[in-house]
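Asker: task: produce atomic coordinates for the following.
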Amino acid sequence: MEELIIKFRKSSGNVKKGENKLEVKGDYVSLQDQKEAAMVINFKAPEEEIMRISQFFSGPTDLEPIYMDLDNTGEVEYYFRGTTTPQEEGDIYKYSVTLQLRRSNI
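Answerer: As a prediction, this is how the structure comes out:
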């Protein structure tokens, strides 16, 4: 059985260095719907993985487009709304990102 992969792409970042793309194992991700087409993406993973994820999401500005693809089902455009600070929970770290669905997608 293949592992679920969630891909993120932002419009900023250096394409040649791959700074505009991020792939995360589905085991590390849980999605939480919020009101007004917002979504909180909760990451729970080892420190090295959380640092890689938080570095990717440290660059976007508020309302910058972020594209998310759940297991190759096609990219959906969201707006970046913010993040939390990575928090240690034993040998696992937690980190959250808030995205808002672009109005034309609703």
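Asker: what's in contact with the helix or strand bottoming out on mean pLDDT in the chain?
Answerer: The least trusted helix or strand in the chain, going by mean pLDDT, DSSP states H and E, turns out to be strand 29-33, with a mean of 91. For strand 29-33, contacts defined as Cβ atoms under 8 Å, 6 or more residues apart in numbering pick out Ile6, Met39, Val40, Ile41, Asn42, Phe43, Lys44. (Each C-beta comes from the backbone N, C-alpha and C, glycine too.)
Asker: check stretch 76-89 too.
Answerer: Residues contacting stretch 76-89 (Cβ under 8 Å, 6+ apart): 10, 38-39, 44, 47, 50-51, 54, 57-58, 60-69, 93-102, 105.
Asker: list the buried residues of that stretch.
Answerer: Tyr78, Tyr79, Phe80, Arg81, Thr83, Pro86 (16 or more other Cβ atoms under 10 Å).
Asker: now do the host helix or strand of Glu23: which elements does it pack against?
Answerer: Per DSSP states H and E, Glu23 falls inside strand 21-25. With contacts taken as 3 or more Cβ pairs under 8 Å, 6 or more residues apart in numbering; DSSP states H and E, strand 21-25 sits against strand 5-10, strand 38-45, helix 47-57.
Asker: tabulate those (JSON lines), appending mean pLDDT.
Answerer: Formatted as JSON lines, the helices and strands packed on strand 21-25 follow (pLDDT from 0 to 100):
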{"stretch": "strand 5-10", "mean pLDDT": "94"}
{"stretch": "strand 38-45", "mean pLDDT": "95"}
{"stretch": "helix 47-57", "mean pLDDT": "95"}
